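Undergrad: Next comes the sequence, and after it the predicted model I'd like to discuss.
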Amino acid sequence: MTVRPALEPADLEKIDFNDPKAHSETDLAEVWRHLRTERPFHWQPGRDGRPGFWVLSRYADIVEVYRDPERFTAERGNALTTLLTGGDPASRKMLAVTDGERHTQVRGIMRKAFSPRVLDRMGESIQRTVDTILLRALDRGDCDFAKDVAAEVPLAAICDLLAVPDADRAYLLGLTARVLSSDTPDAPAGDSWTAKNEILLYFSDLVDDRRGHGHRDVVGLLADSLIDGEPLTEAELITNCYGLMIGGDETGRHAITGGLVALMEHPDQWRAFKSGDGHANAGHANAGIETAVEEVLRWTVPGLHGGRTVVADTTVNGQRFRAGDIVSVWFNSANRDEAVFAEPDRFDLARTPNKHLTFAHGPHFCLGHYLARIEVRAVLDALRRLVGGMEQTGPEQRIYSSVLSGICSLPVRLR
């Protein structure tokens with residue numbers, strides 16, 4: 001892996017935590033460590049005409065914020081990209097930016113499609129898909145793991161749930177990759193909004209096609225469901241399909257790519273995992289694949305941060321917040337919190353317990369967490385059964401985003 005220049009605590013006042021370059025081009029590990037111990041409530045002043053915001057880095061503080069939507073609402077936006085530019089236009093329409101009773105009602109409908117009972121039936125299909133994709137990559141020997149493997153797995157799974165026609169899937173993948181991130185630092189600002197609008201238009205047509213025809217996929221379920229005798233609004237239908245598509249693709253894709261990187265960077269863990277020993281060090285209990293899945297999710301943290309707005313003056317662990325303040329919580333820092341995780345900077349596939357915040361916390365706990373776990377598990381299982389070794393053959397390319405963390409290109413040789 002390319003070594004990124006490390007920023008130090010002395011650089012803190014120069015860092016813009018909303019700048020994608022800060023997360024893509026530099027290593028902020030020492031900065032996060034400093035913030036957790038010395039400055040857990042960091043205020044970043046406004047810049048370039050945009051308001052200032054709080055940066056929260058400790059696990060305990062983040063949990064308190066996320067468990068209490070009455071004090072910290074998601075309805076003005078759930079990420080800095082929208083919070084700093086006037087709010088999210090999908091507020092009170094899309095589940096991720098809806099609180100209160102409406103959130104509970106819509107989530108209850110969507111949860112039916114994401115229950116373990118439903119998703120377990122997809123498990124074998126996902127495993128077959130992963131095996132096929134990985135065997136194809138093995139036949140070639142050299143591949144771009146991010147594009148040829150990691151991008152294909154979650155796309156297939158979420159599109160199966162939404163019953164997206166096969167012919168449209170590559171088109172949607174190209175769009176989802178541009179909504180919250182870009183492959184270059186100088187992508188036009190309008191690219192994200194164009195991609196978002198095209199996805200919304202696509203699902204507008206798909207909802208019309210599914211409504212009233214008894215389709216059993218998620219789109220059909222949403223289109224035909226009633227709350228208090230009334231159907232969901234057109235905006236709710238379209239934005240929630242959009243939210244499922246984005247969330248279902250991005251988390252799994254970046255966790256899978258990051259997981260392979262972690263295995264290559266920690267060959268002792270790869271050898272122990274492949275042999276079934278679970279841990280390279282003697283004296284530790286064998287780790288099953290489930291603990292390996294959780295450690296990959298803790299380590300990779302595809303979603304860097306979440307955002308909230310303070311509803312009324314309040315206090316969290318001694319820190320005072322004023323009504324209207326924007327609060328960003330950083331899951332990548334919380335997943336390395338020394339107060340929660342023993343030796344947090346060690347990649348340990350046998351780690352237990354492992355109560356990471358990769359899927360957030362509280363009422364907005366990621367609806368697709370079980371599906372993402374199935375996808376990562378399927379890839380780890382296939383790597384253990386089918387791959388004898390792997391090595392990186394060229395420089396990786398990281399995405400540019402302050403919302404997501406991931407790699408969009410990873411040349412490797414699989415044996």
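TA: In hand now; what should we look at? Numbering: from 1, shown residues only.
Undergrad: which residues does the nearest residue to A163 once chain neighbours are set aside contact?
TA: Using Cβ to Cβ, 6 or more residues apart in numbering and skipping the chain neighbours, the partner closest in space to A163 is D217 (3.5 Å). Glycine gets a C-beta too; all of them are placed from N, C-alpha and C. D217 makes contact with A113, L161, L162, A163, R210 under the criterion Cβ atoms under 8 Å, 6 or more residues apart in numbering.
Undergrad: now these: which count as buried?
TA: Among the contacts of D217, those classed as buried by 16 or more other Cβ atoms under 10 Å are A113, L161, L162, R210.
Undergrad: Report the separation between the first one and P231.
TA: This points to A113. Using Cβ to Cβ, to the nearest Å, A113 is found at 17 Å from P231.
Undergrad: so L138 touches V412, yeah?
TA: No: L138 is beyond contact range of V412, at 11.0 Å (criterion: Cβ atoms under 8 Å).
Undergrad: Between these two, which has more neighbouring residues?
TA: The neighbour count for L138 versus V412, taken as other Cβ atoms under 10 Å, is higher for V412 (23 against 17).
Undergrad: Now find how far off-centre the helix or strand hosting that one is within its chain.
TA: Assigned by DSSP states H and E, V412 falls within strand 411-414. Offset of strand 411-414 from its chain centre (Cα atoms, centre = their mean, to the nearest Å): 24 Å.
Undergrad: One more: stretch 199-206?
TA: Averaging C-alpha positions (Cα atoms, centre = their mean) puts stretch 199-206 23 Å from its chain's average.
Undergrad: Buried ones in the helix ranked longest in the chain, by neighbour count?
TA: Selection of the longest helix in the chain by residue count, based on DSSP state H, yields helix 234-265. Residues of helix 234-265 classed as buried under the neighbour-count rule (16+ other Cβ under 10 Å) are 236-264.
Undergrad: Could you do stretch 205-212 as well?
TA: By 16+ other Cβ under 10 Å, the buried positions in stretch 205-212 come out as L206, V207, R210, R211.
Undergrad: Quickly find the element holding the nearest residue to the last one once chain neighbours are set aside.
TA: Of all residues not flanking R211 in the chain, A223 sits nearest, at 4.2 Å (Cβ to Cβ, 6+ apart). Under the criterion of DSSP H and E, A223 resides in helix 218-224.
Undergrad: just D88 next, same as before
TA: Applying DSSP H and E as the criterion places D88 outside every helix and strand.
Undergrad: number of nearby residues for it?
TA: Residues near D88, counting by other Cβ under 10 Å, number 22.
Undergrad: who touches it in this structure?
TA: Contacts of D88 by Cβ under 8 Å, 6+ apart are R76, G77, N78, T82, M94, V97.
Undergrad: Determine how far the next helix or strand after the longest helix of the chain lies from the middle of the whole chain.
TA: Later in the chain than helix 234-265, the nearest helix or strand by DSSP H and E is helix 267-275. Taking Cα atoms, centre = their mean, one finds the center of helix 267-275 at 26 Å from the center of the full chain.
Undergrad: ok, which stretches of the stretch 101-250 of the chain are helices?
TA: Applying DSSP state H, counting those that start in this stretch to the stretch 101-250 of the chain gives helices spanning 116-140, 145, 152-162, 166-179, 190-210, 218-224, 234-265.
Undergrad: What of the stretch 251-400 of the chain?
TA: Counting by DSSP H, counting those that start in this stretch, the helices of the stretch 251-400 of the chain are 267-275, 289-300, 331-334, 369-386.
Undergrad: in the first one, what's buried?
TA: What that stands for is helix 267-275. Q269, W270, A272, F273.
Undergrad: OK, contacts around the second one?
TA: The contact partners of W270, taken as Cβ under 8 Å, 6+ apart, are L263, M264.
Undergrad: And the last one, by the same measure?
TA: With contact taken as Cβ under 8 Å, 6+ apart, F273 is in contact with L263, A287, A292, L349, L380, R384.
Undergrad: And the residues you listed, which two are furthest apart?
TA: Spatial extent of those (Cβ to Cβ) is set by the pair L263 and A287 at 13.4 Å.
Undergrad: so how far is L297 from R351?
TA: Counting by Cβ to Cβ, the gap from R351 to L297 is 11 Å.
Undergrad: What of C408?
TA: Distance of C408 to L297, given as Cβ to Cβ: 19 Å.
Undergrad: Mind checking which of those two has more residues around it?
TA: L297 (25 against 22).
Undergrad: Where does pLDDT dip in the stretch 151-300 of the chain?
TA: 277-287 (pLDDT under 70).
Undergrad: List the contacts of the closest residue to L80 other than its chain neighbours.
TA: With sequence-adjacent residues excluded and distances taken as Cβ to Cβ, 6+ apart, L80 is closest to N18, at 4.6 Å. Contacts for N18 (Cβ under 8 Å, 6+ apart) come out as Q44, R50, F53, L80, T81, L84, S402.
Undergrad: Save those as JSON lines, and put in distance to Q127 too.
TA: JSON lines is the format used below for the contacts of N18 (distance: Cβ to Cβ, whole Å):
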{"residue": "Q44", "distance to Q127": "44"}
{"residue": "R50", "distance to Q127": "45"}
{"residue": "F53", "distance to Q127": "42"}
{"residue": "L80", "distance to Q127": "37"}
{"residue": "T81", "distance to Q127": "35"}
{"residue": "L84", "distance to Q127": "41"}
{"residue": "S402", "distance to Q127": "34"}
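Undergrad: Now for those: which two are most distant?
TA: Across these (Cβ to Cβ), the longest gap, 14.7 Å, separates Q44 and T81.
Undergrad: first to last residue in stretch 90-97, what's the distance?
TA: Taking Cα to Cα, to the nearest Å, the first and last residues of stretch 90-97 lie 7 Å apart.
Undergrad: Name the residues of that stretch that come out as buried.
TA: By neighbour count with 16+ other Cβ under 10 Å, stretch 90-97 contains the buried residues A90, S91, R92, K93, M94, L95, A96, V97.
Undergrad: Mind picking the one among these that's closest to D148?
TA: Using Cβ to Cβ, A96 is the member of the buried residues of stretch 90-97 that sits closest to D148, with 29.7 Å.
Undergrad: Touching, that closest one and C366? I think so.
TA: No: if you go by Cβ under 8 Å, A96 and C366 don't touch, sitting 9.4 Å apart.
Undergrad: Need the residues touching each of the two.
TA: Common neighbours of A96 and C366 (criterion: Cβ under 8 Å, 6+ apart): G247.
Undergrad: can I assume the residue nearest to L80 sits in a strand?
TA: No: assignment of N18 by DSSP: H, G, I helix; E, B strand; the rest coil gives coil, placing it outside any strand.
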